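> This is a predicted model, with the sequence first.
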Amino acid sequence: MKTAVITGASSGIGAATARVLASDGFRVVLGARRLERLEDLARELDGTAIPLDVTDPESVADFVAAVPACDVLVNNAGGALGLDSVEAADEEQWRWMYEANVIGTMRMTGALLPALRDSGDGHVVGVTSIAAFERYRGGAGYSAAKHAQRAMLGTLRLELLGEPIRVTEIAPGMVETEFSLVRFGGDAEAAERVYRGMEPLRAEDVAECIRWAVAQPSHVNIDEIVVRPRAQATATEIHRAGG
Ligand code: NJP
């Protein structure tokens, strides 16, 4: 049985990805900080829940030591904090975004590469964003981190050339998860406004893209998938009902 390790599996895209990969026959190993939620999902999927904070090297080391094997690694943990201009940037928020999205992906990938190699047919998936190649006002901190995460995945593909490990980037537009709630510090009204009058992607839509990329034959590397709601043309060009 193949093993898929999914970071940020306690909600949103990560949880949906765990469900589709488990239904495709993977043993799933789930990581995130909210252990209770992870354990509920692990029970449902007959998988394994292990606490993980990708911004903490010790936590990553403990997590990886408990991972029995790894054929697929989905680097999904991450997110955005705030929507401030560069001038008003909050350094702590920028630091967290870089730590979680970029350093987290680097740490997890580095630590699991030996297991991915041992599998003989490994796959590293990274969930970035359209913010990995677009810019928007107030989005600099998030965009800078996602641009960096994208650069890392592209570099990794070069460095792993000749090895049996695929590298795929999944770059979604707006997905209705806890993403906006986190971004706006728990302000549910502000989070709800983001999706008002338009139909965003669901976490399951993005998980389907990951499932498809992973399910391709081993010699097929899906470099990147950009997926947006029909009502979104760019990060800021969004069609809303009544406007
Ligand atoms: O958001 P959410 P998504 N260590 O908040 C975990 C990208 N994306 O599913 O630790 C370990 O429901 C957190 O778990 P917990 C986005 O940038 C999204 O939408 O328990 N895990 C939770 O499971 C991100 O990379 C949209 O709090 C950590 C998960 O991450 C990915 O999609 C658009 C962690 C976040 O789940 C999944 O986000 C886009 C840590 N330090 C890109 N910090 C969108 N939703 O619109 C957080 O372009 N997590």
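Cool, got the structure. Numbering: from 1, shown residues only.

> which residues in this structure form helices?
Counting by DSSP state H, the chain has helices at residues 12-23, 35-45, 57-66, 91-97, 104-119, 140-159, 179-183, 188-194, 203-215.

> Dump the ones you listed to CSV, plus mean pLDDT, distance to the ligand and mean neighbour count.
Heads up, the C-betas are built off the backbone N, CA and C, glycines and all. As requested, the helices of the chain are exported to CSV (pLDDT from 0 to 100; distance: least, C-beta to the nearest ligand atom, whole Å; neighbours: other C-beta atoms under 10 Å):
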stretch, mean pLDDT, distance to the ligand, mean neighbour count
helix 12-23, 99, 2, 24
helix 35-45, 98, 6, 17
helix 57-66, 98, 8, 15
helix 91-97, 98, 8, 16
helix 104-119, 98, 6, 19
helix 140-159, 98, 7, 20
helix 179-183, 98, 3, 19
helix 188-194, 97, 8, 13
helix 203-215, 98, 6, 20
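
> Which of the ones you listed sits closest to Pro229?
helix 203-215 (8.5 Å; C-beta to C-beta).

> Only C-alpha atoms, please: export that closest one in CSV.
Written as CSV, here are the backbone C-alpha positions of helix 203-215 (Å, rounded to 0.1, in the frame of the first residue of the first chain):
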residue,chain,number,x,y,z
ALA,A,203,-11.6,22.3,-1.3
GLU,A,204,-12.8,19.2,-3.1
ASP,A,205,-12.2,20.8,-6.5
VAL,A,206,-8.6,21.4,-5.7
ALA,A,207,-8.2,18.0,-4.2
GLU,A,208,-9.5,16.5,-7.5
CYS,A,209,-6.6,18.2,-9.3
ILE,A,210,-4.1,16.7,-6.9
ARG,A,211,-5.7,13.3,-7.2
TRP,A,212,-5.4,13.5,-11.0
ALA,A,213,-1.8,14.7,-11.0
VAL,A,214,-0.8,11.9,-8.6
ALA,A,215,-2.7,9.2,-10.6
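
> and it, what other elements does it pack with?
Here helix 203-215 touches helix 12-23, strand 122-127, strand 165-172, strand 175-176, strand 224-227, going by 3 or more C-beta pairs under 8 Å, 6 or more residues apart in numbering; DSSP states H and E.

> contact partners of it?
With C-beta atoms under 8 Å, 6 or more residues apart in numbering as the test, helix 203-215 has contacts from 4, 12-13, 15-17, 19-21, 24, 72, 74, 123, 125, 127, 168, 170, 172, 175-177, 222, 225, 227.

> try it again with 6 Å
With contacts defined as C-beta atoms under 6 Å, 6 or more residues apart in numbering, helix 203-215 is touched by 12-13, 16-17, 20, 72, 123, 125, 168, 170, 172, 175, 177, 222, 225, 227.

> and the angle from that helix to helix 12-23?
Counting by axes from the mean of the first three to the mean of the last three C-alpha atoms, to 10 degrees, helix 203-215 lies at 50 degrees to helix 12-23.
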